[in-house]
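Student: What follows is a predicted protein model with its sequence.
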Amino acid sequence: MRRELCAPTAFRLSKAASDTSLWEPLTYTLRWDEGKSEYELPLKEIKTRSVELLRVKPTHGDQLWQFTAEKVNTIGMKDTDETGQGGPHQAHGPSQGRLD
């Protein structure tokens, strides 16, 4: 039996994004591999995302300080379970009605 040689074929694989997951596309070159019909190719999950941060912007004018809200785009990690306890939690509570 004579085998015909086929030129390698390049594929770009991707997985549909969902509300909770984004995936990096993968380019893979398929070559003759003894007639193999199934390939397992890992796609890497994107674990960061763009987050809008709300922060205080102090400005000093005519002998007065003014504080306004300012929105800044930054990036954040998708996984918020850093503690292993099921999600984010408050590290420190308010100090009996005063700010330190």
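Tutor: Nice, thanks for sending it over.

Student: Tell me where this structure is predicted with low confidence.
Tutor: 1-8, 19, 79-100 (pLDDT under 70).

Student: and with 50 instead?
Tutor: Counting by pLDDT under 50, the chain has low-confidence residues at 1, 100.

Student: Wait, Arg55 touches Glu70, no?
Tutor: Yes - using CB atoms under 8 Å, Arg55 is in contact with Glu70, at 5.6 Å. Bear in mind the C-beta positions are built from the backbone N, C-alpha and C, glycine included.

Student: For the residue lying closest to Pro25 once chain neighbours are set aside, grab phi and psi.
Tutor: Leaving out its chain neighbours, the residue that sits closest to Pro25 by CB to CB, 6 or more residues apart in numbering is Ser14, at 4.2 Å. Phi and psi for Ser14, reported as degrees, to the nearest 10, are phi -150, psi 160.

Student: and Ser14, how far is that from Leu43?
Tutor: According to CB to CB, to the nearest Å, Ser14 stands 7 Å off from Leu43.

Student: Tell me the residues that contact both of those two, please.
Tutor: 23, 25-26 (CB atoms under 8 Å, 6 or more residues apart in numbering).

Student: so Trp23 touches Leu13, yeah?
Tutor: No - Trp23 is not in contact with Leu13 according to CB under 8 Å; the separation is 9.2 Å.

Student: Which parts of the chain are strands?
Tutor: 9-13, 26-30, 48-61, 64-77 (DSSP state E).

Student: Can I get those in a markdown table including mean neighbour count and distance to Lys36?
Tutor: Below are the strands of the chain laid out as a markdown table (neighbours: other CB atoms under 10 Å; distance: least, CB to CB, whole Å):
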| stretch | mean neighbour count | distance to Lys36 |
| --- | --- | --- |
| strand 9-13 | 10 | 14 |
| strand 26-30 | 11 | 9 |
| strand 48-61 | 9 | 35 |
| strand 64-77 | 9 | 37 |
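
Student: Need those strands in TSV (columns: distance to Glu38).
Tutor: Formatted as TSV, these follow (distance: least, CB to CB, whole Å):
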stretch	distance to Glu38
strand 9-13	14
strand 26-30	12
strand 48-61	32
strand 64-77	34
